[in-house]
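**Q** Only the shape, not the letters, is given here:
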């Protein structure tokens, strides 16, 4: 993950916008997709065994919840990041490397976000079936099935939490800022500004 932040730094210094696939891979690292997924387990009250964590349906549901969060963030932060000459945003990569107009890029990111939701709703059923199979009537099985359900419920909650954060936080209301590239809560007091 540290290497990913280093790559972002080098891109910013060079003013280099990563190509779309490169950006998506980098975003998964800088957004810490799998760390967030691991953090579901303490809230479920137990560590999930590798066969559950590596189950294709479980991994897909986890990835979709995190990609929704990353791409919705890109969608909401696009005006700020364009104003600030940022190079790391899916919309910016689509405009730069796919030749899309800004409106087309916004629609593409929005489509990806919506697909995350739709796909999650499908794979969620597979994870619930996995949880049912794990709850085999034994006490450990029931506990494991419940833990998988708890992790899945938190993945589902991530969608609405991310959505509401982006619409309630002043972090994305660039039209209200004096400088569209810099949130009003950011200052340079450490550099001597008052």
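**A** Okay, I see it. Bear in mind the structure is a predicted one, so any value in this text is a computation, not a measurement.
**Q** alpha carbons only for contacts and neighbour counts from here, please
**A** Fine.
**Q** And the longest helix seen in the chain, what does it pack against?
**A** Across the chain, the longest stretch assigned as helix under DSSP state H is helix 102-134. Here helix 102-134 touches helix 56-83, helix 90-98, helix 139-168, going by 3 or more Cα pairs under 8 Å, 6 or more residues apart in numbering; DSSP states H and E.
**Q** now do 6 Å
**A** helix 56-83, helix 139-168 (3 or more Cα pairs under 6 Å, 6 or more residues apart in numbering; DSSP states H and E).
**Q** Including mean pLDDT and mean neighbour count, could the ones you listed go into a markdown table?
**A** Converted to a markdown table, those look like this (pLDDT from 0 to 100; neighbours: other Cα atoms under 10 Å):
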| stretch | mean pLDDT | mean neighbour count |
| --- | --- | --- |
| helix 56-83 | 93 | 21 |
| helix 139-168 | 91 | 18 |
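**Q** Would you reformat these as a markdown table and include distance to residue 11?
**A** Shown next, in a markdown table, are the helices and strands packed on helix 102-134 (distance: least, Cα to Cα, whole Å):
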| stretch | distance to residue 11 |
| --- | --- |
| helix 56-83 | 14 |
| helix 139-168 | 26 |
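**Q** Assign residue 46 to helix, strand or coil.
**A** Following DSSP: H, G, I helix; E, B strand; the rest coil, the label given to residue 46 is coil.
**Q** what residue ranges in the protein score low on pLDDT?
**A** Residues of the chain meeting the criterion pLDDT under 70: 170-194.
**Q** do that again at 90, thanks
**A** For the chain, applying pLDDT under 90 flags the ranges 1-6, 8, 28-37, 77, 79-86, 159-194.
**Q** Now find how far off-centre stretch 138-151 is within its chain.
**A** Relative to its parent chain, stretch 138-151 has a centroid offset of 26 Å by Cα atoms, centre = their mean, to the nearest Å.
**Q** Actually, stretch 145-152.
**A** Stretch 145-152 sits 20 Å away from the centroid of its parent chain (Cα atoms, centre = their mean).
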